[in-house]
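[1] just to be clear, the model below is a prediction. Sequence and coordinates:
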Amino acid sequence: MSSSKGWRNIFTLPISYDVNMIPTGTLLIPSNLQLLESTGIHPEGYNTRFAVVDEAVNDIYGEKIHQYFVAQNIELTTIIIPGGEPDKRSVAVDKILDAMCAYKLRRREPFLAIGGGVVLDIAGMAACLYRRGVPFVRVPTTLLAIVDASVGVKNGVDYCCQVTDETYKNRVGSFYAPSSCLLDTSFIATQDKRNISNGFGEILKLALVRSVDLFELLETHGSALVESRFADSPSVPDGVQQRIIDVSIQIMLEELGPNLWEQTLERCVDYGHTFSKLLEMVPGVDIMHGEAVNIDGFFCCLLSYLRGFITMDTVNRVFQCMQALQMPTTSSHFTSKLAWQSCKDAVEHRHGAQRIPLLTEIGDSVCVSDVTSDELDRALELLETFKHVMSGE
């Protein structure tokens, strides 16, 4: 017997967080109080703080981070987390939660997450779970994290399923905004060339689907920026690096802001994220996230060409830009089976339709949902005709 009595609850969840550019190289200078102030206002005498720090960052900046807080008469408790894709598991979240319990983190006390995208994702997941949500501050330290992980509200870890015996990328996660993001691009200088190129994978994706101007900046200056590891160089005009970061972040915010919870599943920022997810999860593969995104992105260029959306001149222009950025454009693991399985996974993830973004020109795209296995095989055959830069596999 049904009842007509019931309630519908409709609430508007306020989301507000600042993404702040810090004057380059000043974040860890004790006279700059922005890092300290980001950790909140506390009662007089409360002189402890908590931070999750990327293992690689700790090796280089660990002492400097601690000395910053020593200068503020603050005792900093840190938990060190490895930042590789194999480390992006629930056990890492548990490690942070254990450390929070031991520290006795207060419910409204912001903690710091300092590192690359993997560590920021893990820390964000822990923030969402602890006491059903505590504030956290993102401090990205890689080019990729600065233009990608720092901007949105998604957090998550890869999931190892005991039933299927497979690992699924970002299968467990949350939409949970940081209290703020602090961006100091001086951290990029400690990255090697491969990591710089890896960061360009997400930047070029944004250029291809949204901005001719950004693409032309990469086309003109990308090679020199990889060689200089994104540092100042006589061959790169002043302000180019900052312009690339500013435009990338602005595009991300414009795309994510109106669709923060992904109610709309046709998203141009999913370009490069249809085939890359499974490619990254191949057991033993040595491929970074931005590299996988780029391989996916070039393959989608070929799908666009085969559909008549773009010309071969455009394909070659994109390919040459990718080569200049020293990014891989194929992988020995990118097989027909993986490509078709990726399409089936996309149907599941994007609620019943492939919704694969394809280029219609540089700076614009359209989502399609009717890619066939034969079409994938033709694109793979065309892929073999190019002289590729391979990933580090």
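    That came through fine.

[2] which is the next helix or strand following the longest strand anywhere in the chain?
    Taking DSSP state E as the assignment, the strand of the chain that covers the most residues is strand 166-175. Downstream of strand 166-175, the first helix or strand assigned by DSSP states H and E is strand 180-183.

[3] other SSEs contacting that following strand?
    When contacts are defined as 3 or more Cβ pairs under 8 Å, 6 or more residues apart in numbering; DSSP states H and E, strand 180-183 packs onto strand 18-21, helix 34-38, strand 136-140. Yep, even glycine has a C-beta here, placed from its N, CA and C like the rest.

[4] buried stuff in the longest strand of the chain?
    By neighbour count on 16 or more other Cβ atoms under 10 Å, the buried set for strand 166-175 is 167-170, 173, 175.

[5] and residue 77, which of the three is it?
    For residue 77, the assignment made with DSSP: H, G, I helix; E, B strand; the rest coil gives strand.

[6] so it sits against residue 49, correct?
    Yes. Residue 77 is within contact range of residue 49, at 7.2 Å (criterion: Cβ atoms under 8 Å).

[7] more neighbours: which of those two?
    Neighbour totals were compared for residue 77 and residue 49, and residue 49 leads with 23 against 16 (other Cβ atoms under 10 Å).

[8] looks like that one contacts residue 70 (just checking).
    No. With contact defined as Cβ under 8 Å, residue 49 does not reach residue 70; the gap is 11.4 Å.

[9] need the overlap of contacts for those two.
    Residues touching both residue 49 and residue 70 (Cβ atoms under 8 Å, 6 or more residues apart in numbering) are residue 76.

[10] measure residue 130 to residue 32 for me?
    Going from residue 130 to residue 32 by Cβ to Cβ, to the nearest Å gives 28 Å.

[11] could you do residue 23 as well?
    Using Cβ to Cβ, we find residue 23 at a distance of 8 Å from residue 32.

[12] these two: which is more packed in?
    residue 32 (16 against 12).

[13] what helix or strand is the nearest residue to the more buried one once chain neighbours are set aside on?
    Closest residue to residue 32 apart from its sequence neighbours, by Cβ to Cβ, 6 or more residues apart in numbering: residue 26 at 4.7 Å. Under the criterion DSSP H and E, no helix or strand holds residue 26.

[14] run a quick neighbour tally on residue 26.
    When neighbours are counted by other Cβ under 10 Å, residue 26 registers 13.

[15] quick check: the gap between residue 79 and residue 58.
    Separation of residue 79 from residue 58 (Cβ to Cβ) stands at 10 Å.

[16] same check on residue 152?
    Taking Cβ to Cβ, one finds residue 152 at 25 Å from residue 58.

[17] before we move on, what about residue 104?
    Distance of residue 104 to residue 58, given as Cβ to Cβ: 22 Å.

[18] those two: who's more crowded?
    Comparing residue 104 with residue 58 by other Cβ under 10 Å, the one with more neighbours is residue 58, at 19 against 10.

[19] now for that one: which residues touch it?
    Per Cβ under 8 Å, 6+ apart, neighbours of residue 58: 65, 78, 80.

[20] which of these tops the neighbour count?
    Among the contacts of residue 58, the one with the most neighbours (other Cβ under 10 Å) is residue 65, at 22 neighbours.

[21] that one reaches residue 114, doesn't it?
    Yes. Counting by Cβ under 8 Å, residue 114 is a contact partner of residue 65 at 7.0 Å.

[22] would you map the helices across the stretch 1-150 of the chain?
    All helices of the stretch 1-150 of the chain, identified by DSSP state H, counting those that start in this stretch, fall at 34-38, 55-71, 90-103, 117-129, 143-147.

[23] buried residues, stretch 95-111. List them.
    If you call a residue buried by 16+ other Cβ under 10 Å, then stretch 95-111 has these buried ones: 95-97, 99-100, 103, 105, 109-111.

[24] now, which of the buried residues of strand 166-175 sits nearest residue 300?
    Each of the buried residues of strand 166-175 was scored against residue 300 by Cβ to Cβ, and residue 169 proved nearest at 17.9 Å.

[25] the closest residue in space to that closest one that isn't next to it in sequence: neighbour count?
    Excluding its sequence neighbours, the residue lying closest to residue 169 (Cβ to Cβ, 6+ apart) is residue 277, at 4.6 Å. When neighbours are counted by other Cβ under 10 Å, residue 277 registers 21.

[26] which elements pack onto the strand or helix carrying residue 277?
    Assigned by DSSP H and E, residue 277 belongs to helix 276-280. With contacts defined as 3+ Cβ pairs under 8 Å, 6+ apart, the packing partners of helix 276-280 are strand 166-175, helix 289-306, helix 336-349.

[27] thank you, goodbye.
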